[in-house]
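Novice: output the structure for:
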Amino acid sequence: KKPEVSGVMAKANIKPKSIHEAKTWSSDVENLYRFQQAGYRDEVEYKEVKQVDTVERWPETGFVKKLQRRDNTFNYYNKQRECGDEEVHKVKIYVY
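Specialist: This is a model prediction of the structure:
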């Protein structure tokens with residue numbers, strides 16, 4: 001199951017219906033890992049809190065490049081995978 005993100009961007013105060021932990025690494029899990037490292041559930045919550053339409057991504061990989069944390073400092077990420085196998089099970093996948 002993949003999280004549904006696309007159709008829910010316009011609505012405010014979106015709450016996830018369910019949550020489960022990631023079992024294997026994927027590009028979606030990688031991006032969720034980056035959002036969660038910055039203090040957000042996922043891209044939906046980030047866009048809602050920060051009032052932005054887009055997230056800066058690496059063109060080569062599509063991974064998130066930079067996120068503004070809730071304390072207004074920034075997290076910068078590499079082009080390559082940062083979520084190691086030992087961290088995958090800590091990533092939470094929210095389903096809307």
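
Novice: C-alpha only now, for contacts and for neighbours.
Specialist: Fine.

Novice: from residue 75, how far off is residue 44?
Specialist: 18 Å (Cα to Cα, to the nearest Å).

Novice: can you give me the helices in this protein?
Specialist: For the chain, applying DSSP state H gives helices covering 27-37, 43-50, 85-88.

Novice: with residue 59 as the reference, name the closest of the ones you listed.
Specialist: Proximity to residue 59 (Cα to Cα) singles out helix 27-37 among the helices of the chain, at 13.3 Å.

Novice: and that closest one with helix 43-50, angle?
Specialist: If you take axes from the mean of the first three to the mean of the last three Cα atoms, to 10 degrees, helix 27-37 sits at 30 degrees to helix 43-50.

Novice: report the buried residues of helix 27-37.
Specialist: For helix 27-37, burial by neighbour count (16 or more other Cα atoms under 10 Å) applies to 29, 30, 31, 32, 33, 34, 35, 36.

Novice: what lies in contact with it?
Specialist: With contact meaning Cα atoms under 8 Å, 6 or more residues apart in numbering, helix 27-37 is reached by 22, 41-43, 46, 63-64, 67, 77, 81-83, 88, 91-93.

Novice: so what's the gap between that helix and the chain middle?
Specialist: Centroid displacement of helix 27-37 relative to its chain, using Cα atoms, centre = their mean, to the nearest Å, is 4 Å.

Novice: now that helix - C-alpha only, CSV.
Specialist: Taking C-alpha atoms only, helix 27-37 is exported to CSV below (Å, rounded to 0.1, in the frame of the first residue of the first chain):
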residue,chain,number,x,y,z
SER,A,27,12.0,6.2,-2.7
ASP,A,28,8.7,6.9,-0.9
VAL,A,29,10.1,5.6,2.4
GLU,A,30,13.2,7.7,1.8
ASN,A,31,11.2,10.9,1.4
LEU,A,32,9.0,10.1,4.4
TYR,A,33,12.2,9.5,6.4
ARG,A,34,13.4,13.0,5.5
PHE,A,35,10.0,14.7,6.4
GLN,A,36,9.9,12.8,9.7
GLN,A,37,13.6,13.8,10.5
